[in-house]
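S.K.: sequence plus the predicted model coming up.
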Protein chains: 2
Amino acid sequence: MTTELKKSRGRPRVFDMDEALDKALKIFWERGYEGASLAELTETLGINKPSLYAAFGNKEELFHKALLKYATGPVAFVKDVINEPTAYKVAEAFLVKAAEFLTDPQHPKGCMIVQGALSSGESAELIRDVLIKYRVSYENLLAERFAKAKVDGDLPDDTSPKNLAKYLATLHQGMSVQATSGAAKDELLEVAKLALKIWPGNNQ
Amino acid sequence: MTTELKKSRGRPRVFDMDEALDKALKIFWERGYEGASLAELTETLGINKPSLYAAFGNKEELFHKALLKYATGPVAFVKDVINEPTAYKVAEAFLVKAAEFLTDPQHPKGCMIVQGALSSGESAELIRDVLIKYRVSYENLLAERFAKAKVDGDLPDDTSPKNLAKYLATLHQGMSVQATSGAAKDELLEVAKLALKIWPGNNQ
DNA sequence: ATATTTATTTACCAATTGGTATTTAATTAT
DNA sequence: ATAATTAAATACCAATTGGTAAATAAATAT
């Protein structure tokens, strides 16, 4: 059923670009931008450098493509989360799904957007800034959702959507560090449970 | 008043070791272990490589010495915090002081123990593991303090000291990421304030 | 069959990485 | 004054970094 209109002219590519990008993603994910060497990348993808460059551009472009795949793939759940019916359910879904995702044994621990280039040398400064922007935009997504919840009367008047969003983003980022450090899913779920106790009406 | 018994025999060292270590600390702090190059280190310390090696050993040893200085210097407040009279005051002091420290303009943003080697190449794996141990031990310090609080009747019987400690450690680590990403002190103080609302008796 | 196109392979590149051997300079002990 | 000791400066090292030029192989269009 897949439309294989591969009347491409030259020598056919021997590797699957999507699979290769996925492997690159996982290396960046657990090594970070600077920690991932071209040597490890090419070795893992099973291709050599010129092929990698022809297919994806340079290391930086490869990272960006991997990042895009990450944001639209594994991490897409964040954008679903804001569709939960109430602010509380948004927060709950966000933290619970984060706990599960960050410790999922199917892929590297932690969040690539958090640890891809947290502190780094000059060569990764652009990458670092892009990741910061991603984090900020996810946080803003939550803040906007909570602002709407206030209008809906779903949150008390004296609550600050921004503070609430930053609280959740901070927890998420901390959970990412925890996951990378070996914390188990259940431990992070307990953290999530505790964190949700701040919610008005969810006390004790 | 400083006992300068410098009847050391050979050519005198031209730089102050403590000052130099402090500069190295700040570079590791904002660049991470791998991100800090020997070139940047020697340039900033104002000494050349052989001098650095003679004084501090290799890059890894220098990092460990800087880390020790960090843990006994800027970050010593964590060990004071557990002397607060109540569990709540411990948590409050921990989060408030963390917010202030992580955004202090006097030194790099964020926590070196969190971002010194979060994700990295193979060359930093030992460092990464040491930093993980540091994080775990700080968390254990809090957990033990809260266990004592339970015995004292300062915390309800159904509270888990470990979960509480992990909750606070997670927030601290998240705040570190936030600080590195440009969050302001006031914003982190708001997060701390929100976070403390989970406390029994501190609701609303 | 041949030309064209595209991918792979091999071999290479300059720059940078962490790390040292060697020489030279500054100090103290004799 | 001279020997011994210690540090600094210069110059170097192999290995690795990200990146590429040139040659070769596999497909399609003519």
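M.R.: Yep, it's here.
S.K.: nearest to DNA strand C: which residue in chain A?
M.R.: Closest contact between chain A and DNA strand C, by C-beta to the nearest atom of the strand, is at residue A:10 (1.7 Å). In short, each C-beta sits where N, CA and C put it, glycine included.
S.K.: what secondary structure does that residue sit in?
M.R.: What DSSP: H, G, I helix; E, B strand; the rest coil gives for residue A:10 is coil.
S.K.: return the per-residue confidence for it.
M.R.: Note for residue A:10: predicted pLDDT of 92.
S.K.: could you check how far it is from DNA strand D?
M.R.: Separation of residue A:10 from DNA strand D (C-beta to the nearest atom of the strand, to the nearest Å): 5 Å.
S.K.: contact partners for the closest residue to chain B within chain A?
M.R.: Nearest residue of chain A to chain B: residue A:174, at 3.0 Å (C-beta to the nearest C-beta). Taking C-beta atoms under 8 Å, 6 or more residues apart in numbering or on different chains, we find residue A:174 in contact with B:169-175, B:177.
S.K.: again, only using 10 Å
M.R.: Going by C-beta atoms under 10 Å, 6 or more residues apart in numbering or on different chains, residue A:174 touches A:114, A:183, A:188, A:191, A:195, B:114, B:166-178.
S.K.: what do you get for residue A:113?
M.R.: Per C-beta under 10 Å, 6+ apart, neighbours of residue A:113: A:29, A:67, A:70-71, A:75, A:78, A:130-135, A:137-138, A:172-173, A:176.
S.K.: one more: residue A:140?
M.R.: By C-beta under 10 Å, 6+ apart, the contact set of residue A:140 is A:161-162, A:165, A:169.
S.K.: and what of residue A:139?
M.R.: Applying C-beta under 10 Å, 6+ apart, one finds that residue A:139 lies in contact with A:162, A:165-170, A:172-173, B:178, B:181, B:183.
S.K.: coming back round to it: just the buried members of the contacts of residue A:113?
M.R.: Buried members of the contacts of residue A:113, scored by 16 or more other C-beta atoms under 10 Å in any protein chain shown, are A:29, A:67, A:70-71, A:75, A:78, A:130-132, A:134-135, A:138, A:172-173, A:176.
S.K.: lowest-confidence one in these?
M.R.: Minimum pLDDT across those is recorded for residue A:78, with 89.
S.K.: what about it, which helix or strand?
M.R.: helix A:77-81 (DSSP states H and E).
S.K.: and that helix, does that touch chain B?
M.R.: No - for a cut-off given as C-beta under 10 Å from any C-beta of the partner chain, helix A:77-81 has no contacts with chain B; the smallest distance is 15.5 Å.
S.K.: can you list the residues of chain A near DNA strand C?
M.R.: Residues of chain A lying near DNA strand C by C-beta under 7 Å from any atom of the strand: A:8-15, A:47-51, A:54-55, A:121.
S.K.: buried subset of the residues you listed, written for ChimeraX?
M.R.: Buried residues within the residues of chain A next to DNA strand C, by 16+ other C-beta under 10 Å, are selected in ChimeraX with:
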select /A:47,51,55,121
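S.K.: next, the buried residues of the helix or strand bottoming out on mean pLDDT in chain A.
M.R.: The helix or strand of chain A with the poorest confidence is helix A:77-81; it has a mean of 92 (mean pLDDT, DSSP states H and E). Residues A:78, A:81 are the ones in helix A:77-81 that count as buried (16+ other C-beta under 10 Å).
S.K.: got it, and stretch A:58-77?
M.R.: If you call a residue buried by 16+ other C-beta under 10 Å, then stretch A:58-77 has these buried ones: A:59, A:62-63, A:65-67, A:69-71, A:74-75.
S.K.: which helix in chain A runs the most residues?
M.R.: Longest helix of chain A, by residue count under DSSP state H: helix A:125-151.
S.K.: what about chain A, any weak spots by pLDDT?
M.R.: Along chain A, the parts satisfying pLDDT under 70 run over A:1-6, A:203-204.
S.K.: is stretch A:41-52 in proximity to chain B?
M.R.: No - on the criterion C-beta under 10 Å from any C-beta, stretch A:41-52 is out of touch with chain B, staying 11.6 Å away.
S.K.: which residues outside that stretch are in contact with it?
M.R.: By C-beta under 10 Å, 6+ apart, the list of residues contacting stretch A:41-52 from outside reads A:13-15, A:17, A:19-24, A:26-28, A:31, A:36-39, A:53-56, A:58-59, A:62, A:66.
S.K.: near chain B too, which of these?
M.R.: Of the residues in the contacts of stretch A:41-52, proximity to chain B by C-beta under 10 Å from any C-beta holds for A:28, A:31, A:36-37.
S.K.: how about residue A:178, what does it touch?
M.R.: Going by C-beta under 10 Å, 6+ apart, residue A:178 touches A:99, A:102-103, A:109-110, A:171, A:184, A:187-188, A:191, B:135, B:139, B:166, B:169-170, B:173-174.
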